[in-house]
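**Student:** Got a sequence here, can you build the structure:
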Amino acid sequence: MKNLLSLLLCSLLLFGCSDKYDDSALRNDLDNLENRIAKVEELCKQMNTNISSL
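**Tutor:** The predicted structure follows:
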């Protein structure tokens, strides 16, 4: 019985891991967020320069 459960568990682990997971949408979202943060940092830098000029 233990051998059967072990075999079943091993087969589930073997077939449960596949390369079919597509995380391209997550990576695109991450890239978009990084670009937005870079733009916000640039705007913040410009605003600080303008404030110090005033």
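
**Student:** can we go C-alpha only for contacts and neighbour counts from here?
**Tutor:** Noted.

**Student:** Y21: what secondary structure?
**Tutor:** coil (DSSP: H, G, I helix; E, B strand; the rest coil).

**Student:** count of neighbours near T49?
**Tutor:** 11 (other CA atoms under 10 Å).

**Student:** What segments of the protein are helices?
**Tutor:** 2-16, 24-53 (DSSP state H).

**Student:** Adding mean pLDDT as columns, could you present these in CSV?
**Tutor:** What follows is those, written out as CSV (pLDDT from 0 to 100):
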stretch, mean pLDDT
helix 2-16, 79
helix 24-53, 96
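
**Student:** okay, now L12: neighbour count?
**Tutor:** 11.

**Student:** ditto for S6
**Tutor:** The burial count for S6: 11, using other CA under 10 Å.

**Student:** Please tell me how far it sits from L14.
**Tutor:** The spacing between S6 and L14, counted by CA to CA, to the nearest Å, is 12 Å.

**Student:** Check E41 too.
**Tutor:** 45 Å.

**Student:** can you dump the C-alpha coordinates of stretch 31-45 into PDB?
**Tutor:** C-alpha atoms of stretch 31-45 as PDB (Å, rounded to 0.1, in the frame of the first residue of the first chain):
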ATOM      1  CA  ASP A  31       7.900  45.800 -17.400                       C
ATOM      2  CA  ASN A  32       5.000  48.300 -17.800                       C
ATOM      3  CA  LEU A  33       5.100  49.000 -14.000                       C
ATOM      4  CA  GLU A  34       8.900  49.500 -14.100                       C
ATOM      5  CA  ASN A  35       8.500  52.000 -17.000                       C
ATOM      6  CA  ARG A  36       5.800  53.900 -15.100                       C
ATOM      7  CA  ILE A  37       8.000  54.100 -12.000                       C
ATOM      8  CA  ALA A  38      10.900  55.400 -14.100                       C
ATOM      9  CA  LYS A  39       8.600  58.100 -15.500                       C
ATOM     10  CA  VAL A  40       7.300  59.000 -12.000                       C
ATOM     11  CA  GLU A  41      10.800  59.300 -10.700                       C
ATOM     12  CA  GLU A  42      11.800  61.600 -13.500                       C
ATOM     13  CA  LEU A  43       8.800  63.800 -12.900                       C
ATOM     14  CA  CYS A  44       9.600  63.900  -9.200                       C
ATOM     15  CA  LYS A  45      13.100  65.000 -10.000                       C
END
